[in-house]
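Participant: All I have is the shape, not the residue letters:
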């Protein structure tokens, strides 16, 4: 079941809401960096963000694979979370999604599952996988 495509306003509003949900997790991680000790993006947290966005889009009948939807929303969410590194993190996501990177895939699966679990009426907890992955790293 596919919904009507998002227009610019809907994409912007959606990205703002999802970024807000993830911003809470980022805040809970305190000063934990999105980069590892070598200065490279942490793969699990970026995978988590991607998976979280993907599940949220699917819940509304949207498709992350649609370049008019997935790419701009992912860009805006990452821009809101890490404005100084948006280009590097987007490049990383674009280059690595679809590859067999176990850490990225684990993050994607966990982010998607946490979003779906949180939507349930009896959700036991608030999603905090991003915070955990920021603190723990890859």
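Facilitator: Right, received. Where do you want to start? Since the model is a prediction, treat every value here as computed from it, not as a measurement.

Participant: what comes into contact with the top helix by length along the chain?
Facilitator: With secondary structure taken from DSSP state H, the chain has its longest helix at helix 8-28. Residues from elsewhere that reach helix 8-28 (C-beta atoms under 8 Å, 6 or more residues apart in numbering): 6, 49, 52-53, 56-57, 60, 69, 72-73, 76-77, 80-81, 126-131, 134. Where you see a C-beta, it was placed from the backbone N, CA and C, and this is true even at glycine.

Participant: That one: which residues count as buried?
Facilitator: Buried positions in helix 8-28, judged by neighbour count with 16 or more other C-beta atoms under 10 Å: 10-11, 14-15, 18-19, 21-22, 25-26.

Participant: Now do the same for residue 106: its pLDDT.
Facilitator: Per-residue confidence (pLDDT) for residue 106: 96.

Participant: Wasn't it part of a strand?
Facilitator: No. Counting by DSSP: H, G, I helix; E, B strand; the rest coil, one finds residue 106 to be helix, located in no strand.
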